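J.: Okay, predicted coordinates and the sequence, questions at the end:
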Amino acid sequence: MYKIAAVGDRNSVYGFASLGLKVFFAEDGAEAKHVIRTLAAEEYAVIYVTEKLISEIPDEIDKYSDKPLPAIIPIPGVAGNTGFGLRNVSRFVEQAVGSDILSD
């Protein structure tokens, strides 16, 4: 069975544990990069990462963009939405489901 995780600062991702997701705390890009690499090696299928952290490690995120798993999905943190996820939602949906279902 595939596993799902959430990565971010404690306040942003702690609530995901109540939904059955594994949560991993990272306060900066270096920590997030390490956690994401570990989760990918452990074959997590979906990794939700706060937009703030994703914006700090674009090169690391790009390593997984052409692979079917893990799907790395941006989520807003408690500080609010940065707009990163909305700007890139088509790309992330295509990675997650295998085709661009949002385009006309």
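T.: Looks like it arrived, so ask away.
J.: quick one: low-confidence ranges for this protein?
T.: 80-96, 99-104 (pLDDT under 70).
J.: what about the helices in it?
T.: 10-13, 29-41, 51-56, 58-62, 84-97 (DSSP state H).
J.: So what's the gap between stretch 15-29 and the chain middle?
T.: Averaging C-alpha positions (Cα atoms, centre = their mean, to the nearest Å) puts stretch 15-29 11 Å from its chain's average.
J.: correction: stretch 63-71
T.: 11 Å.
J.: Kindly report the same for stretch 47-61.
T.: Put simply, stretch 47-61 sits 7 Å off its chain's centre (Cα atoms, centre = their mean).
J.: Show me which residues of that stretch are buried.
T.: Buried residues in stretch 47-61, counted by 16 or more other Cβ atoms under 10 Å: Ile47, Tyr48, Val49, Thr50, Glu51, Lys52, Leu53, Ile54, Glu56, Ile57, Glu60, Ile61. Backbone N, C-alpha and C define where each C-beta goes, glycine included.
J.: Now distance to Leu69 too, for those, in JSON lines please.
T.: Formatted as JSON lines, the buried residues of stretch 47-61 follow (distance: Cβ to Cβ, whole Å):
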{"residue": "Ile47", "distance to Leu69": "9"}
{"residue": "Tyr48", "distance to Leu69": "14"}
{"residue": "Val49", "distance to Leu69": "15"}
{"residue": "Thr50", "distance to Leu69": "20"}
{"residue": "Glu51", "distance to Leu69": "21"}
{"residue": "Lys52", "distance to Leu69": "24"}
{"residue": "Leu53", "distance to Leu69": "19"}
{"residue": "Ile54", "distance to Leu69": "17"}
{"residue": "Glu56", "distance to Leu69": "22"}
{"residue": "Ile57", "distance to Leu69": "18"}
{"residue": "Glu60", "distance to Leu69": "16"}
{"residue": "Ile61", "distance to Leu69": "14"}
